[in-house]
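Enquirer: Return atomic coordinates for the entry below.
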Amino acid sequence: MKIVPVVRKAKLKNIDEGYEDMVYWLSRPAHERIAAVTHLRAARLAPGQRLDKTVVIKRKLHP
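Expert: Residues are numbered from 1 along each chain as shown. Take a look at the predicted model:
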């Protein structure tokens, strides 16, 4: 994956990085987005560790 440098001057109060990130990733093809998520997940997990896919839902039971 090649990183292209981007330079832009703007006032900090006018920049919405979250929106810009979303627009960027929506412009990328699905296979590239999946590859990026896989890379980030692999970088976060220890060697041999698997992703925990369990879901726990706790609810209060009312008598």
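Enquirer: Distance from the lengthiest helix in the chain to the middle of the chain?
Expert: In the chain, with assignment by DSSP state H, the single longest helix is helix 30-44. In terms of Cα atoms, centre = their mean, to the nearest Å, the centre of helix 30-44 is found 8 Å from the chain centre.
Enquirer: Average pLDDT for it, rounded please.
Expert: In this model, helix 30-44 has a mean pLDDT of 92.
Enquirer: i'd like the first residue to be 722 from this point on
Expert: In the new numbering, first residue 722, that becomes helix 751-765.
Enquirer: Are there helices or strands packed against it, and which ones?
Expert: Of the remaining helices and strands, none touches helix 751-765 by 3 or more Cβ pairs under 8 Å, 6 or more residues apart in numbering; DSSP states H and E. No exception for glycine: its C-beta is placed from N, CA and C like everyone else's.
Enquirer: hmm, who's touching that helix?
Expert: Residues outside helix 751-765 that contact it (Cβ atoms under 8 Å, 6 or more residues apart in numbering): 722, 746, 749, 772.
Enquirer: ok, which stretches of this structure are helices?
Expert: In the chain, the helices defined using DSSP H lie at 738-748, 751-765.
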